[in-house]
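Enquirer: predicted structure and sequence below. I'll ask about it afterward.
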Amino acid sequence: MRRLPPLHSLRAFEVAARHLSFVAAAEELHVTPTAISHQIKALEDYLGKPLFRRRPRPMTLTEAGERLYPVLRDGFGQFAAALDEIHDPATIQRLKITTTTAFASRWLVPRLESFRAEAEHIDLEVHASEMPVDLHAGEADIAIRYGATPGGDLRWHELFRDRYVPVCHQALVADAELPLRPSELAARPLIHFEWKRPTRLTPTWERWFGESPAADSGDGLHKPLGRKLAFSEESHAIEAALAGQGIALLSDVLVAGELKSGTLVQVHPFALEGFTFHAVHLPHSAKADVIDDFIEWAKGQHGAARDTATRSI
């Protein structure tokens, strides 16, 4: 029989290595940091090698730790997937989805009742965070990620692309003739939000004014002139636009419902291309059938919404 160290010490190391923090590992496992330290010390004594470089800060993995971590990460992920598959497979399956706060609140959550009605055998758990989770570690079954170029060893499915359009609450332009000219738009309060990893292709107000077809005409303006309202989160910028606090450059995917209802109106036809929403999962997930069901549903929901989402101006 193979001699292995205690399972709790292996689990403590995997979580601490994932977070590179004993405190964060203790919070996840509901123990004290001292308990984590003792469990990892016992594992290091068993192996005869240190697994972490504790000084200087920040803490890092040693060569031995870097060899052990991916093995345990994948192993615990496979344990979780196998147990989920075995547990009551004929009735309810659990699908954990991770995505950004904006996509969860603006697109996913309002449509979930439709998915639940179509897939009564699936229980859903939605994890909203701006930080990517580790799918290998079993933290989620599927991630909705937004960006230009996928990579890594995961399986990527393109769901849909978006465009960034200038919109505001309909009351703000109730007496105006649409579309607004760029000079009129630039003079109004503009709502901005912070992109976490900006590039030259990031759809911002500065880029919109620089690339608008009217930028080189007699009405051309290359920078906004009105007051600026800025947020660190996209979801807060959307809420500010809905509250009538200014004009925002927003994803037509995330505000499709408000454009369809007329609560928000597009004030100029020029739009900037956004990026792509991808569904991402492990290449050999034990929940492949359930994941496929979700992906097909999401694509269908977007297709139905895009037909009538944007109000013409």
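Expert: Arrived safely, thanks for sending. Numbering: from 1, shown residues only.
Enquirer: buried stuff in the helix or strand hosting Ala102?
Expert: Per DSSP states H and E, Ala102 falls inside helix 101-103. Neighbour-count burial for helix 101-103 flags 102-103 (criterion: 16 or more other CB atoms under 10 Å). Backbone N, C-alpha and C define where each C-beta goes, glycine included.
Enquirer: stretch 11-26 now?
Expert: 11-19, 21-22, 25-26.
Enquirer: secondary structure class for the closest residue to Pro70 other than its chain neighbours?
Expert: Excluding its sequence neighbours, the residue lying closest to Pro70 (CB to CB, 6 or more residues apart in numbering) is His136, at 7.6 Å. Following DSSP: H, G, I helix; E, B strand; the rest coil, His136 is assigned to coil.
Enquirer: give me the neighbour count for His136.
Expert: By the criterion of other CB atoms under 10 Å, His136 has 18 neighbours.
Enquirer: wait, what's in contact with it?
Expert: By CB atoms under 8 Å, 6 or more residues apart in numbering, the residues touching His136 are 70, 73-74, 77, 282.
Enquirer: of those residues, just the buried ones, ChimeraX syntax please.
Expert: Selection command for ChimeraX covering only the buried members of the contacts of His136, criterion 16+ other CB under 10 Å:
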select :73,77,282
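Enquirer: can I get the contacts of His136 in TSV with pLDDT?
Expert: Output for these, formatted as TSV (pLDDT from 0 to 100):
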residue	pLDDT
Pro70	91
Arg73	89
Asp74	87
Gly77	80
Leu282	90
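Enquirer: wait, which of the contacts of His136 is closest to Thr98?
Expert: Each of the contacts of His136 was scored against Thr98 by CB to CB, and Leu282 proved nearest at 13.0 Å.
Enquirer: now the two most distant members of the buried residues of stretch 11-26.
Expert: Greatest spatial distance among the buried residues of stretch 11-26 (CB to CB): Arg11 and Ser21, at 15.2 Å.
Enquirer: confirm that Pro283 sits in a strand.
Expert: No: per three-state DSSP, Pro283 lies outside any strand segment and is coil.
Enquirer: give me the neighbour count for the closest residue to it other than its chain neighbours.
Expert: Once flanking residues are discounted, Pro283 sits nearest to Arg155: 4.7 Å by CB to CB, 6+ apart. Arg155 has 18 neighbouring residues, counting by other CB under 10 Å.
Enquirer: who's in contact with Arg155?
Expert: Contacts of Arg155 by CB under 8 Å, 6+ apart are 280-283.
Enquirer: quick check: pLDDT value at it.
Expert: According to the prediction, Arg155 has pLDDT 89.
Enquirer: for it, give me phi and psi.
Expert: Main-chain torsions, Arg155, degrees, to the nearest 10: phi -100, psi 130.
Enquirer: for it, name its beta-bridge partners.
Expert: The partner list for Arg155 in beta bridges (DSSP bridges) reads His281.
Enquirer: how far away is it from Val280?
Expert: Plainly put, Arg155 is 7 Å away from Val280 if you go by CB to CB, to the nearest Å.
Enquirer: picking up where we left off before, got the phi and psi for the residue nearest to Pro70?
Expert: Dihedral pair for His136: phi -60, psi -30, per degrees, to the nearest 10.
Enquirer: also Glu125?
Expert: phi -130, psi 120.
Enquirer: nearest residue to it other than its sequence neighbours?
Expert: Of all residues not flanking Glu125 in the chain, Lys96 sits nearest, at 4.4 Å (CB to CB, 6+ apart).
Enquirer: what strand or helix carries the one you found?
Expert: Assigned by DSSP H and E, Lys96 falls in strand 93-99.
Enquirer: just the buried positions in that strand, please.
Expert: Here strand 93-99 shows 93, 95-99 as buried, counting by 16+ other CB under 10 Å.
Enquirer: and if you look at stretch 163-183?
Expert: For stretch 163-183, the neighbour count (16+ other CB under 10 Å) marks 164-170, 172-173, 179-182 as buried.
Enquirer: low-confidence regions, the stretch 151-300 of the chain specifically.
Expert: Applying pLDDT under 70 to the stretch 151-300 of the chain flags the ranges 214-226.
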